[in-house]
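> I would like to see how this sequence folds:
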Amino acid sequence: MRIGIDARLINETGVGRYIRNLVRELGRQDKTNEYTVFLKKKEFGSFELPNPRWKKVLAEVGWHTLSEQVMMPWIMLRARLDLVHIPYFNIPIFYPGRMVATIHDLTILHFDTGKATTLPWVLYKLRRAGYRIALAVGLRRVKQIIAVSKTTKEEIIDHFHVQPEKIVVTYEGVDERVKSQSFDKAQDDPERSRMGQKSKVKSQKRIIDTPYFLYVGNAYPHKNLETLLSAFQTYATHQASSAQLVLVGKEDFFYRKIKKLVSSMNLDERILFFGHADDWQLANLYAHAMAFVFPSLMEGFGLPALEALALGCPVIVSDIPVFREILTNHAVYFNPHSSQELYEALRRASESNVPSSDRDGVKMFEMYSWSNLASDTLGVYRHASS
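Presented below is the predicted three-dimensional model:
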């Protein structure tokens, strides 16, 4: 079988991590099928093919554009594929061949990001309506849908009335590079080796010397960073601790907006905008944080919280269905609309240690494996092509 994977988003956060790990694991596991990976020019030269049965095709087409709906079907048709995997909601509805699609969340239907666009307001609203129409048509066109959580599956059924049996849930995994790159840099120590990987990463020199709370992700409206800032302002005012709040994420319109808000709240000295973090830096930041804080109003999976847990970092998250599904009792929950509840969670995290039984949760990580995701995805490919 000849399978195509739209990997134009491979270097982005979120979906990019999904694509990178999927491609790597498929390269390891699948000894039969042939693969074509569609890449933009920026990634085309540096992308390493997993084995000789893989090839890459240049697809210099912007995502979320009209040209995407016109050009990608033509590029894919020329590749003469038996099946195409679209790992995002941007399904090319005019492609006549067999497709499967991964839906990570339906945030775009619930939260408006129009303030970041250069388009006139009316055109932006038309574009959003176009997204919804294209998604509705695309979900009916694809042979099967992969959802990254049961919560996302229920959202798809609720909004688009898709038959449940068409949707397969495949959980994401903890990226081995987030863990292993950091461990490789640890100095040799038999005691740390006996105690395991999480002890190794914690033994390293800290990137940030002062105590800190950590947030990793973008600053889109549904990430609810205003509530986090309000809670941290209360913390900085009422607690003697000198702890900082570290925000990790690539600067864009929304992060620049958050920077202005931080200045207006007189928190410039207490909040650190770290910017983009590579895998080694990310592992170090997780391992040494007082707690990882995830105040989102909506998520499809919540991978950063799972990565934080894997590195022994206490996790404070908003009380939304997907976090209850993925993190179960391994997190502290708060009402995402209450900065006071979040402040109390920050205070408790800084005053006491989280019990080790709550910080480990080793068995839960057996469910969240990129290897398992790739194996399940291969099953989807076989079913969709039969």
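> use CA for all of it now, contacts and neighbours both
Noted.
> now do the buried residues in stretch 15-28.
The neighbour-count check on stretch 15-28 (16 or more other CA atoms under 10 Å) flags 15-27 as buried.
> in those, find the pair that's most separated.
Val15 and Gly27 (18.2 Å; CA to CA).
> which residues does Arg2 contact?
Counting by CA atoms under 8 Å, 6 or more residues apart in numbering, Arg2 touches Asn33, Glu34, Tyr35, Thr36, Arg80, Leu81, Asp82, Leu83.
> and with 10 Å instead?
Contacts for Arg2 (CA atoms under 10 Å, 6 or more residues apart in numbering) come out as 32-36, 53-54, 79-84.
> report pLDDT for it.
Note on Arg2: pLDDT of 98.
> out of the buried residues of stretch 15-28, the closest to Gln69 would be?
Nearest to Gln69, judged by CA to CA, of those is Val15 at 19.3 Å.
> do I have it right that the closest one meets Phe301?
No: the criterion here is CA atoms under 10 Å, and Val15 misses it with Phe301 at 11.0 Å.
> got any residues that touch both of these two?
The contact sets of Val15 and Phe301 overlap at His104 (CA under 10 Å, 6+ apart).
> quick one: terminal-to-terminal distance for stretch 32-42?
One end of stretch 32-42 to the other measures 29 Å (CA to CA, to the nearest Å).
> any idea how far it is from the chain center?
How far stretch 32-42 lies from its chain's middle: 21 Å, per CA atoms, centre = their mean, to the nearest Å.
> and stretch 27-35, by the same measure?
Centroid separation between stretch 27-35 and its chain, computed with CA atoms, centre = their mean, is 25 Å.
> now do it: everything it contacts.
Under CA under 10 Å, 6+ apart, the answer for stretch 27-35 is 1-5, 21-23, 26, 49-56, 81-84, 371, 374-375, 378.
> and the buried ones among the residues you listed, selectable in ChimeraX?
The buried residues among these can be selected in ChimeraX (16+ other CA under 10 Å) with this line:
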select :2,3,4,5,21,22,23,26,49,54,56,81,82,83,84,371,374,375,378
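> mind listing which of the contacts of stretch 27-35 are in strands?
With strands taken from DSSP state E, the overlap with these comprises Arg2, Ile3, Gly4, Ile5, Trp54, Lys55, Lys56, Leu83, Val84.
> what's the distance between the fifth one and Arg28?
To tie it back to what came earlier, the one meant is Trp54. According to CA to CA, Trp54 and Arg28 sit 12 Å apart.
> by contact count, what packs against the stretch of helix or strand Trp280 belongs to?
Trp280 is part of helix 279-288, with elements assigned from DSSP states H and E. In terms of contacts (3 or more CA pairs under 10 Å, 6 or more residues apart in numbering; DSSP states H and E), helix 279-288 is packed against helix 176-184, helix 197-202, strand 212-216, strand 244-248, helix 303-310.
> one more time with 6 Å
With contacts taken as 3 or more CA pairs under 6 Å, 6 or more residues apart in numbering; DSSP states H and E, helix 279-288 sits against helix 176-184.
> state the mean pLDDT of the helix it packs on.
56.
> repeat that for stretch 256-271.
Stretch 256-271 shows a mean pLDDT of 96.
> can you report how many residues lie near Ala240?
Number of residues near Ala240 (other CA atoms under 10 Å) recorded here: 8.
> nope, Glu269 is what I meant
Glu269 has 10 neighbours, counted by other CA under 10 Å.
> look up how far Ala240 lies from it.
Glu269 sits 15 Å away from Ala240, going by CA to CA.
> next one: Tyr343
Going from Tyr343 to Ala240 by CA to CA gives 14 Å.
> before we move on, what about Ile3?
Distance from Ile3 to Ala240, by CA to CA: 58 Å.
> cool, and Arg140?
Counting by CA to CA, the gap from Arg140 to Ala240 is 56 Å.
> same question for Pro96.
Distance from Pro96 to Ala240, by CA to CA: 63 Å.
> please name the nearest non-neighbouring residue to Ile103.
When the adjacent residues along the chain are set aside, Ile103 lies closest to Ala147, with 5.2 Å between them (CA to CA, 6 or more residues apart in numbering).
> neighbours around the one you found, how many?
Look at Ala147: counted by other CA under 10 Å, it has 25 neighbours.
> so where's the stretch 151-300 of the chain shaky on pLDDT?
176-203 (pLDDT under 70).
> mind listing the strands for it?
167-169, 212-216, 244-248, 271-275, 291-294 (DSSP state E, counting those that start in this stretch).
> pLDDT wise, what is Asn11 at?
At Asn11, the pLDDT value in this model is 89.
> which residues does it contact?
Contact analysis of Asn11 by CA atoms under 6 Å, 6 or more residues apart in numbering lists nothing.
> that one falls within a helix, correct?
No: counting by DSSP: H, G, I helix; E, B strand; the rest coil, Asn11 is not found in a helix; it is coil.
> relative to Ile133, how far out is it?
Here Asn11 is placed at a distance of 27 Å from Ile133 (CA to CA).
> and if you look at Asp82?
From Asp82 to Ile133 the distance is 26 Å (CA to CA).
> cool, and Ile75?
Taking CA to CA, one finds Ile75 at 22 Å from Ile133.
> looking at those two, which has the bigger crowd around it?
Counted by other CA under 10 Å, Ile75 and Ile133 do not tie: Ile75 has more neighbours, with 16 against 12.
> so what's the more buried one closest to, chain neighbours aside?
Nearest residue to Ile75 in three dimensions, chain neighbours excluded: Ala59, at 7.2 Å (CA to CA, 6+ apart).
> ok, now Glu341?
Nearest residue to Glu341, sequence neighbours excluded (CA to CA, 6+ apart): Phe334, at 5.8 Å.
> for the one you found, what are its contacts?
Residues near Phe334 by CA under 6 Å, 6+ apart: Ser318, Asp319, Glu341, Leu342.
> before I go, just wanted to say thanks for your time.
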